[in-house]
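Novice: just coords:
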């Protein structure tokens, strides 16, 4: 050990942000173990590294006692006073016992400690970086597959795309670039574990924020998202500026904005609907692309009765009830859809064979509604249908 070693430690302090004293104290602690391991000593020792020169010294430590029981850790008062007359009982006498060939052992030990501390520091930095980005999206490269988990290379770290966070039917090819939502960052003994999702509604929300400047600037607001990943999503939007059409802003010129998002999600269909503080109008919009004749809301049980033209009934309900199910999730209301002919025939009880679609029918761990906030109490704004992509 010499001044070059101290210079290297100081450089690590500047580049990695690890304090010089922290490193040297860790090396000193490691050298105590190395000394005992290599020289078979069980005595109490202290290692000191000179902060200026890098010189290393090993000192044995023995307690001053009136009667010696273990000479490796104790020294008599008489013997201690021969070294220094000022020693009293219970003092500690230190004597240098630095071995001649300790430099090689010290250098090897110091290297191991420094590498370990640098690794720990880098893991800490990566953890802080990604934990502060929970709820954001990252772009990574598909690295490999472990069991059913997809490992995503994020540059300085690796993310995990668990099976339940993968879009059903989506294939992940090695070297492919994709975007994912950061669900959670966990501390582990092997470093931070970054859990990713491709199914979370937050991914869709962030993609719209990136693609639509009006959303990024706060002019257009996403009020809610309901999603069945890989199949279809509904997004409710509202504009703070009456001169800006929120649906048109999200669709973009010739549909370029929404198509970019659809492409990232491998063809997932999008219904962009206008949010309204009038719940009846909002429910009608939420059933887009179906056209609605009228909506009646019943606060008791939070049930909405929706009447549609006969030829629009299957479109309003959707394949396997998907359109109505997503609308129920988006609005938070139970939705009972009837055709005009059914109403004319008297099938008008919400308790008969046409039972309402429940908002929670399709709710899963990763498909919870992201509500921009409670529906009542927002400024009035014109309402219309939506856009399907």
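Specialist: Thanks, I have the structure now. This one's a predicted model, so the numbers in the text were calculated from it and none came from an experiment.

Novice: Show me which residues of the helix or strand that contains residue 315 are buried.
Specialist: Using DSSP states H and E, the element containing residue 315 is helix 313-317. Buried residues in helix 313-317, counting neighbours by 16 or more other CB atoms under 10 Å, are found at 313, 315-317. All C-beta spots, glycine's among them, are computed from the backbone N, C-alpha and C.

Novice: Show residues contacting that helix.
Specialist: Here helix 313-317 makes contact (CB atoms under 8 Å, 6 or more residues apart in numbering) with 287, 289-290, 292, 306, 308, 323-324, 337-339.

Novice: now the strands: where do they sit in the stretch 201-350 of the chain?
Specialist: 220-228, 232-239, 269-274, 294-298, 303-308, 334-339 (DSSP state E, counting those that start in this stretch).

Novice: export those strands to CSV and tack on distance to residue 27 and mean pLDDT?
Specialist: Conversion of the strands of the stretch 201-350 of the chain to CSV gives the following (distance: least, CB to CB, whole Å; pLDDT from 0 to 100):
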stretch, distance to residue 27, mean pLDDT
strand 220-228, 53, 95
strand 232-239, 55, 96
strand 269-274, 58, 94
strand 294-298, 71, 92
strand 303-308, 70, 93
strand 334-339, 67, 92
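
Novice: Can I get the ones you listed in JSON lines including mean neighbour count?
Specialist: Shown next, in JSON lines, are these (neighbours: other CB atoms under 10 Å):
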{"stretch": "strand 220-228", "mean neighbour count": "24"}
{"stretch": "strand 232-239", "mean neighbour count": "25"}
{"stretch": "strand 269-274", "mean neighbour count": "24"}
{"stretch": "strand 294-298", "mean neighbour count": "15"}
{"stretch": "strand 303-308", "mean neighbour count": "22"}
{"stretch": "strand 334-339", "mean neighbour count": "22"}
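
Novice: So which elements touch the longest strand anywhere in the chain?
Specialist: Using DSSP state E, we find that the single longest strand of the chain is strand 177-188. The contact analysis (3 or more CB pairs under 8 Å, 6 or more residues apart in numbering; DSSP states H and E) places strand 177-188 against helix 102-131, strand 137-146, strand 158-161, strand 191-197, helix 201-211.

Novice: can you do 10 Å?
Specialist: helix 102-131, strand 137-146, strand 149-153, strand 158-161, strand 191-197, helix 201-211, helix 256-264 (3 or more CB pairs under 10 Å, 6 or more residues apart in numbering; DSSP states H and E).

Novice: for the record, mean pLDDT for that strand?
Specialist: Taken as a whole, strand 177-188 carries a mean pLDDT of 93.

Novice: Alright, I will stop here.
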